[in-house]
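Colleague: Could you look at this predicted model? Sequence included:
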Amino acid sequence: MVERRMETRRKLPPLPNAVEGNVVTRLPPEPSGYMHIGHALSGLVNYLYKEMYGGKVWLRFEDTDPRKVRAEYYDSYRDGYRWAGIRWDYEKNNSDDMELFYQNAKRLIEEGKAYACNCSREVVRRLRSEGLPCVHRSQTVDVNLELWDGMLEGRYSEGEISLRLVGDMSSANTTLRDPVIMRVVEAPHPLKGERYRVWPTYDYAVSIEDAICGVTHVLRTSEFMLRDELQNLIRGYLHMPNPTFVEYERFEFEGTPVSRREIRSLIERGLVSGWDDPRLATIVSIRRRGIVPKALKEFAERYVALTQSRKVYSWDLLYAINRKCVDDLTPRMFFVKDPVKLKLEGLGEFDVELPLHPTGRLGQRRLRVSEELYVQQDDLRSIGEGGKVRLKHLCNVTLRSISDKLAEGAAELGPPEPGLRVIQWVPVNEAVDVRVLIPGPLLKPDGTFNELSLQVEGGVAERSVDSLEVGAHVQFERFGYCVKDKLPMTFVYSHR
RNA sequence: GCUCCGGUAGUAUAGUCCGGUCAAGUAUGCGGGCCUCUCGAGCCCGAGACCCGGGUUCAAAUCCCGGCCGGAGCACCA
């Protein structure tokens, strides 16, 4: 146990400013879409560091845009994080703290750090890009207070007014140019209904939340880099402590879109079957494809670097780890693609017991063998007439004739003859028709849709697959690891 | 366009801060071999990289300058 801890510790680089026993991190999803592998990896980073040093981790939903947030997605993240093996210590929603945002807004106004602005969206945008203040910036505190009250009382409709922070209109960091911190949104919130019409913006909400949650380390992707300064400024005004920021590039995977917009478009065009299409990288997809949580965690420890260089991981890196996680626990069974009937005269009918795993540790399965077996077309062809082959765990065979539909041979029971190719087989009367979906890169290197991204192999499997539950792993020998899918008689290929 | 940030083998990284031990380590992938009643696992061997150009220095992957390439941000989204 101690040994293991040390090992984990060696894997992730040390965290700056970390105090043993007091590292507080957070999982900050916006519940506006399905969780994907990038969120899981980022979540894992936050969780693993908290585990490494000791401390707490928050699950905090960043749900302050009522128009984007949907109730169903909260659970997508809870389920996803839980599945990834992340256990959080506290949970809250930013939308739970509206009164707090209001109080602090008032305080900022009173201290001359915020003002109510009646400029239109377009004017705000233009002046910000030009680095120029608007007339409202110099309003008195009393006027601002009155306008703010008016906002809260519902005297203004959406777009008519906003509360802006007094920042630095000429800063090179444009986020600092008097950003809007509170605005009117006339849309119901999935959790709060119509109770509020004035909502905080991201930077304002997150600054306050990170401080009151006692977050010591913000580990996030680098599109937020420019916001550090702004968020620190807000906390400075409010006399709140700042966390340490560690920012890193997004985690992407070869040939796999991450943006929700892109995925939605693929779904709408009918190019993928839905959010759980096995070619996607949503959590539901990678589960369906057979990625196990342990593998994801080890991947995070071994391959994730908190650097700002662009990362596009090869799926092979994940597959290799996954294969090792799954190998010892996964039963072996026979699947024959492109099956051809092989008649072995005089073989008779009898039961055989085959090990479910090469180590023998997973027990046996029983098959009733008769004279007719299915074997793979390409195996027969490469062995050829007159050639010999070993049917694994069954018999040696001399092939007498081969045609497209039927082959014939002579069986010789007993131990394997050295040097023969060993192939899998399925008794004709024990065969079930199955298909295997093989997900590949959804996008070509140029970013366009890959027409060949989903291959389907048809064939027969031994009847034992009936006993597998949906979601169970199986290794089809000489084919690859697969997962029994929710679709009938279907398996999804994981990897070799 | 403006502002940031990056660039080590196919991929992901270690090394870069504090120049030499780096003719560059690891994993994966690839090639070959061994082993195995799977094309899986395991073992062994091999090929494969410091973006380019200058400069500083006895010495540069590491420091400086310029270029090229890539990414991000520039919302009353998060």
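Modeller: Now that the structure is in, tell me what you want to look at. For clarity, every value in this text was computed on a predicted model and none was experimentally measured. Numbers count the residues shown, from 1 in each chain, chains lettered A, B, ... in the order given.
Colleague: Contact partners for residue A:77?
Modeller: Taking C-beta atoms under 8 Å, 6 or more residues apart in numbering, we find residue A:77 in contact with A:27, A:29, A:31, A:35, A:39, A:59, A:61. (Glycine included, C-beta is placed from N, CA and C.)
Colleague: swap in residue A:241?
Modeller: A:211, A:235.
Colleague: which SSE is it in?
Modeller: Secondary structure assignment for residue A:241, by DSSP states H and E: no helix or strand.
Colleague: Residue A:39 now?
Modeller: Per DSSP H and E, residue A:39 falls inside helix A:37-53.
Colleague: go on, residue A:401?
Modeller: Going by DSSP H and E, residue A:401 is in strand A:395-402.
Colleague: Same question for that strand: list its buried residues.
Modeller: A:395, A:396, A:397, A:398, A:399, A:402 (16 or more other C-beta atoms under 10 Å).
Colleague: Residue A:389 is in contact with the second one, correct?
Modeller: In other words, residue A:396. Yes: with contact defined as C-beta atoms under 8 Å, residue A:396 reaches residue A:389; the gap is 7.5 Å.
Colleague: before we move on, back to that, for the following helix or strand past the strand holding residue A:401, packing partners?
Modeller: For strand A:395-402, the succeeding helix or strand toward the C-terminus, using DSSP H and E, is strand A:406-413. With contacts taken as 3 or more C-beta pairs under 8 Å, 6 or more residues apart in numbering; DSSP states H and E, strand A:406-413 sits against strand A:339-345, strand A:395-402.
Colleague: about what we covered before: quick check: angle from the strand holding residue A:401 to strand A:339-345?
Modeller: 110 degrees (axes from the mean of the first three to the mean of the last three C-alpha atoms, to 10 degrees).
Colleague: tell me the mean pLDDT over strand A:395-402?
Modeller: In this model, strand A:395-402 has a mean pLDDT of 96.
Colleague: what's the answer for stretch A:35-50, then?
Modeller: The pLDDT scores in stretch A:35-50 average 97.
Colleague: Low-confidence bits of chain A, can you list those?
Modeller: Chain A contains residues with pLDDT under 70 at A:1-10.
Colleague: Quick check: residues of the stretch 1-150 of chain A near RNA strand B?
Modeller: Contacts of the stretch 1-150 of chain A with RNA strand B, taken as C-beta under 7 Å from any atom of the strand, map to A:13, A:28, A:30, A:62, A:64-65, A:68, A:119-121, A:124-125, A:128-129.
Colleague: tell me the domain ranges of chain A?
Modeller: A:2-94+A:206-321, A:98-199, A:332-495 (automatic domain parsing).
Colleague: just to revisit the earlier point, the contacts of residue A:77 in helices, which ones?
Modeller: Taking DSSP state H, the ones among the contacts of residue A:77 that sit in helices are residue A:39.
Colleague: before we move on, back to that, shared neighbours of residue A:396 and residue A:389, which are they?
Modeller: Residues touching both residue A:396 and residue A:389 (C-beta under 8 Å, 6+ apart): residue A:420.
Colleague: What residues are bridge-paired with the nearest residue to residue A:42 once chain neighbours are set aside?
Modeller: Excluding its sequence neighbours, the residue lying closest to residue A:42 (C-beta to C-beta, 6 or more residues apart in numbering) is residue A:221, at 6.4 Å. Residue A:221 has these beta-bridge partners by DSSP bridges: residue A:248.
Colleague: Pull the contacting residues for residue A:221.
Modeller: By C-beta under 8 Å, 6+ apart, residue A:221 lies in contact with A:38, A:42, A:247, A:248, A:249, A:250.
Colleague: before we move on, back to that, what packs against the helix holding residue A:39?
Modeller: helix A:2-11, strand A:23-27, strand A:55-61, helix A:71-83, strand A:217-221, strand A:251-253, helix A:283-288, helix A:293-303.
Colleague: of all these, which gets the most neighbours per residue?
Modeller: Neighbour counts (mean count of other C-beta atoms under 10 Å) averaged over each of these peak at strand A:23-27, with a mean of 26.
Colleague: Partner strands of it and their direction?
Modeller: Paired strands of strand A:23-27, with direction, are strand A:55-61 (parallel) (DSSP bridges).
Colleague: Show me the contact partners of the strand it pairs with.
Modeller: So strand A:55-61 is contacted by A:21-31, A:46-47, A:50, A:69, A:74, A:77-78, A:81, A:86, A:88-95, A:209, A:213-216 (C-beta under 8 Å, 6+ apart).
Colleague: Any idea what residue A:115 is bridged to?
Modeller: Here residue A:115 sits in beta bridges with residue A:164, going by DSSP bridges.
Colleague: That one contacts residue A:133, correct?
Modeller: No: applying C-beta under 8 Å, one finds residue A:115 not in contact with residue A:133, separated by 9.9 Å.
Colleague: the more surrounded of the two?
Modeller: residue A:115 (25 against 17; other C-beta atoms under 10 Å).
Colleague: how far away is the more buried one from RNA strand B?
Modeller: Per C-beta to the nearest atom of the strand, to the nearest Å, residue A:115 is found 13 Å from RNA strand B.
Colleague: ok, that residue to residue A:199 distance?
Modeller: 18 Å (C-beta to C-beta, to the nearest Å).
Colleague: again, but for residue A:173
Modeller: 24 Å.
Colleague: now swap in residue A:180 and tell me
Modeller: According to C-beta to C-beta, residue A:180 stands 10 Å off from residue A:199.
Colleague: out of the two, which sits in the busier spot?
Modeller: Each of residue A:180 and residue A:199 had its neighbours counted (other C-beta under 10 Å), and the higher figure belongs to residue A:199 (23 against 17).
Colleague: related to what we said a few turns ago, just the buried members of the contacts of residue A:221?
Modeller: Applying 16+ other C-beta under 10 Å to those flags A:38, A:42, A:247, A:248, A:249 as buried.
Colleague: so residue A:416 touches residue A:423, yeah?
Modeller: No: the criterion here is C-beta under 8 Å, and residue A:416 misses it with residue A:423 at 11.4 Å.
Colleague: neighbour-wise, which of the two wins?
Modeller: residue A:423 (20 against 14).
Colleague: which residues does the more buried one contact?
Modeller: Contacts were defined as C-beta under 8 Å, 6+ apart; by that measure residue A:423 touches A:375, A:376, A:379, A:389, A:390, A:391, A:392, A:478.
Colleague: With distance to residue A:463, neighbour count and secondary structure as new columns, can those be given to me in CSV?
Modeller: Below are the contacts of residue A:423 laid out as CSV (distance: C-beta to C-beta, whole Å; neighbours: other C-beta atoms under 10 Å; DSSP: H, G, I helix; E, B strand; the rest coil):
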residue, distance to residue A:463, neighbour count, secondary structure
A:375, 17, 25, strand
A:376, 18, 22, strand
A:379, 21, 19, helix
A:389, 23, 24, strand
A:390, 22, 19, strand
A:391, 17, 23, strand
A:392, 17, 16, coil
A:478, 19, 17, coil
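Colleague: Ignoring the adjacent residues along the chain, who's closest to residue A:29?
Modeller: Closest residue to residue A:29 apart from its sequence neighbours, by C-beta to C-beta, 6+ apart: residue A:77 at 4.4 Å.
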